[in-house]
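Visitor: following is a predicted model, sequence given first.
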Amino acid sequence: MSTATASPSCVVPRLAEDSRALAAVRQLLKGCGVRSYAVQTIGLKLSGPDGRPIAYGRPDLHSPELIVHEGDGSVVATVTIGPRSGCYLVTLRNGVGLQKARKPQHVADLILTAQPGGHA
């Protein structure tokens, strides 16, 4: 999961684009009966460099992830968007390593073939 280090005004639109891209994959998977959910992580540091508490913090915005799971909750795949390439990055449970894809349908196909009884 990459951390956004640019100014918030640049980062938020990029994260929104990434969320929309992952939503497209989620819709394709949902149509095939595959379960998934999106995760958006925001870190907030509440202490200064000297370790003392501060009244406000600067959030660290992380790229959204799409978690694809089976009915028992076991993770089948994790999908993120590459911070520089804009490609879909797919990590499959079956240990094939990181797979890259440019289109939502390609991501769905990778995930469907990784499902038990792969129905792609």
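Guide: Yep, that arrived. Residues are numbered from 1 along each chain as shown.
Visitor: only C-alpha atoms for contact and neighbour calcs from this point on.
Guide: Noted.
Visitor: neighbouring strands for the longest strand that the chain contains, and are they parallel or not?
Guide: Longest strand of the chain, by residue count under DSSP state E: strand 75-81. Here strand 75-81 has these sheet partners by DSSP bridges: strand 65-69 (antiparallel), strand 88-92 (antiparallel).
Visitor: which of the ones you listed sits closest to residue 59?
Guide: Counting by C-alpha to C-alpha, residue 59 lies closest to strand 65-69 out of the strands paired with strand 75-81; the figure is 17.6 Å.
Visitor: and the contacts of the closest one?
Guide: 1, 22, 26, 34-40, 75-81 (C-alpha atoms under 8 Å, 6 or more residues apart in numbering).
Visitor: geometric centre of the chain: which residue is closest?
Guide: residue 65 (1.5 Å; C-alpha atoms, centre = their mean).
Visitor: list the beta-bridge partners for that residue.
Guide: Counting by DSSP bridges, residue 65 forms beta bridges with residue 39.
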